[in-house]
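Colleague: this one's sequence-less:
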Ligand code: SF4
């Protein structure tokens, strides 16, 4: 439900900050696409934009695509910003630029909700989810859009039921410029992994939209031009298993109705492998990828971080079960755990080989505020505030040893031969298990064909001709071309190219070892 009963009109500029370069944003793949410039449309800011009074003009700018200009700031009466910890410096920079135009600036989203003190310069802090704090903020701006004399902190006590959420204002975003479409069904997770801030921020009892809201959102995404992949950003798609089962038949129907133009992806705990009834329906709804926070193959480490649920089935067996349902597993991995030993890197590389998972986001442990890990390390006096380090954790092993082990893992895991061998396995043993898609008119549009041709031309030139791993690429590419499997050729090459290039930069010391690291890097300079 939109905020109502407001007469004043305010022009709101919503600015989403740039991401610091990271493993999971795929920027090395963008030059091989038909104009992708950013990762996913931000759910939070587009949701707020949709919630504002219908008569308030809203401009949305994603600084991953273009920077907000002086003209944007001159147009606006107030500025809204949202983002994660990794975007902290960029958010503070947007605030500084908006203040140069004497505009009131409000910040919401996960970072400020966990750490209000990171944002001393903002005029309004919106702490928590959409709810009474949002109504209060809108009412205050309606009364007076000028900057308050001191910072105002608004905390959500009464959250808006997710069944009342409006469809995020996807129409304000240039959705074709994004690598993936995004959508959210639920919020919160019932588990309590030691390092994770989701239960602390969003609760342990997942809140839900209705299946009808989701199919309406998918309709809107389609109208806005999203085809290809759509990612469910839910913290855990099976946080409420019954809800997942309720939703899936609607997704299956929607896919049939719209001609299977979307490939779906989500995040879920690995114990999804114990739920064949969910996996079968996911296959029918054309889910193709599941991100699982496997974190580590070491059972003692999983126990210590309270992630025992990853061991409900043996990890390799769980991965194979998902593959049998056509689902490629993407895995989160953490290094620098208290349980790590000098040989942990070697064991991890053995796991990469055995699991045949192509894409693993290998990060160093980082303690996030509002997590049990943060509290424990604080008690143990092991939190380090030093921007020159890649983690704020005082590891049990020497810091340099952890970093060099991380670099070695990145270097070896993403050698082109090894990575493409894992992808070949996915083609043979995972993609082959996907539902054969009917060839529909919706897929054979001229726009889709043109898009495919543009990407193929760039791939052949930049990887197949100029690339230094072109021999490995062509071995894979010929096998796909012979079978007419252009879709796998394109999707694998885009991701593989990013992984190879990012891993080279990482093992050469030019990338952060943690997605949450606050270290300054080139991409985190102001977007002006
Ligand atoms: S299962 Fe995932 S979302 Fe849930 S607490 Fe653990 S890491 Fe966080």
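Modeller: Thanks, I have the structure now. Fair warning: this is a prediction, and the values are worked out from it, not measured in the lab. Numbers count the residues shown, from 1 in each chain.
Colleague: Relative to residue 480, how far out is the closest residue to residue 467 other than its chain neighbours?
Modeller: Spatially, and ignoring its direct neighbours in sequence, residue 467 is nearest to residue 473 (6.1 Å; Cβ to Cβ, 6 or more residues apart in numbering). Heads up, the C-betas are built off the backbone N, CA and C, glycines and all. As judged by Cβ to Cβ, to the nearest Å, residue 473 and residue 480 stand 11 Å apart.
Colleague: Same drill for those two, tell me which one is more crowded.
Modeller: residue 473 (22 against 18; other Cβ atoms under 10 Å).
Colleague: Could you double-check that the residue nearest to residue 467 sits in contact with residue 417?
Modeller: No: Residue 473 lies out of contact with residue 417 (Cβ atoms under 8 Å); the separation is 10.7 Å.
Colleague: and for those two, which residues touch both?
Modeller: Common neighbours of residue 473 and residue 417 are not found (criterion: Cβ atoms under 8 Å, 6 or more residues apart in numbering).
Colleague: neighbours around residue 141, how many?
Modeller: Residues near residue 141, counting by other Cβ under 10 Å: 23.
Colleague: correction: residue 278
Modeller: Residue 278, neighbours per other Cβ under 10 Å, totals 20.
Colleague: OK, contacts around the nearest residue to it once chain neighbours are set aside?
Modeller: Excluding its sequence neighbours, the residue lying closest to residue 278 (Cβ to Cβ, 6+ apart) is residue 244, at 5.7 Å. Contacts of residue 244 were listed using Cβ under 8 Å, 6+ apart, and they are 237, 238, 278.
Colleague: residues from this protein in reach of the ligand?
Modeller: 189, 191, 192, 193, 196, 198, 199, 235, 236, 269, 293 (Cβ under 6 Å from any ligand atom).
Colleague: switch the cut-off to 5 Å
Modeller: Taking Cβ under 5 Å from any ligand atom as the contact definition, the chain meets the ligand at 189, 191, 193, 196, 198, 235, 236, 269, 293.
Colleague: and the residues you listed, which of them are in strands?
Modeller: Judged by DSSP state E, strands contain the following of those: residue 293.
Colleague: okay, now the one residue in the stretch 1-150 of the chain that gets nearest to the ligand: neighbour count?
Modeller: In the stretch 1-150 of the chain, the residue that lies nearest the ligand is residue 110 (12.5 Å; Cβ to the nearest ligand atom). Other residues near residue 110 number 19, with proximity taken as other Cβ under 10 Å.
Colleague: contacting residues for it?
Modeller: Contact partners of residue 110, counting by Cβ under 8 Å, 6+ apart, are 44, 83, 84, 85, 197, 201.
Colleague: would you turn the residues you listed into TSV with pLDDT and neighbour count?
Modeller: As requested, those are exported to TSV (pLDDT from 0 to 100; neighbours: other Cβ atoms under 10 Å):
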residue	pLDDT	neighbour count
44	94	21
83	95	25
84	91	18
85	89	21
197	90	23
201	85	19
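Colleague: in this structure, which spans are strands?
Modeller: 12-16, 58-62, 78-82, 104-108, 124-127, 152-155, 181-183, 186-187, 207-208, 228-232, 262-267, 287-295, 328-335, 360-364.
Colleague: now for the helix or strand of the chain with the lowest mean pLDDT, which elements pack on it?
Modeller: Every helix and strand of the chain was ranked by mean pLDDT, DSSP states H and E. The lowest is helix 198-202, at a mean of 88. Secondary-structure packing of helix 198-202 (3 or more Cβ pairs under 8 Å, 6 or more residues apart in numbering; DSSP states H and E): helix 110-114.
Colleague: for the helix it packs on, what is the average pLDDT?
Modeller: In this model, helix 110-114 carries a mean pLDDT of 94.
Colleague: go on, stretch 265-285?
Modeller: Stretch 265-285 carries an average pLDDT of 96.
Colleague: now it, how far from the chain's geometric center?
Modeller: 19 Å (Cα atoms, centre = their mean, to the nearest Å).
Colleague: Could you do stretch 12-32 as well?
Modeller: Distance, centroid of stretch 12-32 to centroid of chain: 10 Å (Cα atoms, centre = their mean).
Colleague: Pull the number of nearby residues for the closest residue to residue 49 other than its chain neighbours.
Modeller: Leaving aside its sequence neighbours, residue 49 sits nearest to residue 169 (Cβ to Cβ, 6+ apart; 4.1 Å). Number of residues near residue 169 (other Cβ under 10 Å) recorded here: 21.
Colleague: for the one 4 residues further on, same thing?
Modeller: Counted with other Cβ under 10 Å, the neighbours of residue 173 add up to 27.
Colleague: for residue 280, same thing?
Modeller: 12.
Colleague: Now do the contacts for it.
Modeller: Per Cβ under 8 Å, 6+ apart, neighbours of residue 280: residue 325.
Colleague: Touching, residue 418 and residue 412? I think so.
Modeller: Yes: using Cβ under 8 Å, residue 418 is in contact with residue 412, at 7.1 Å.
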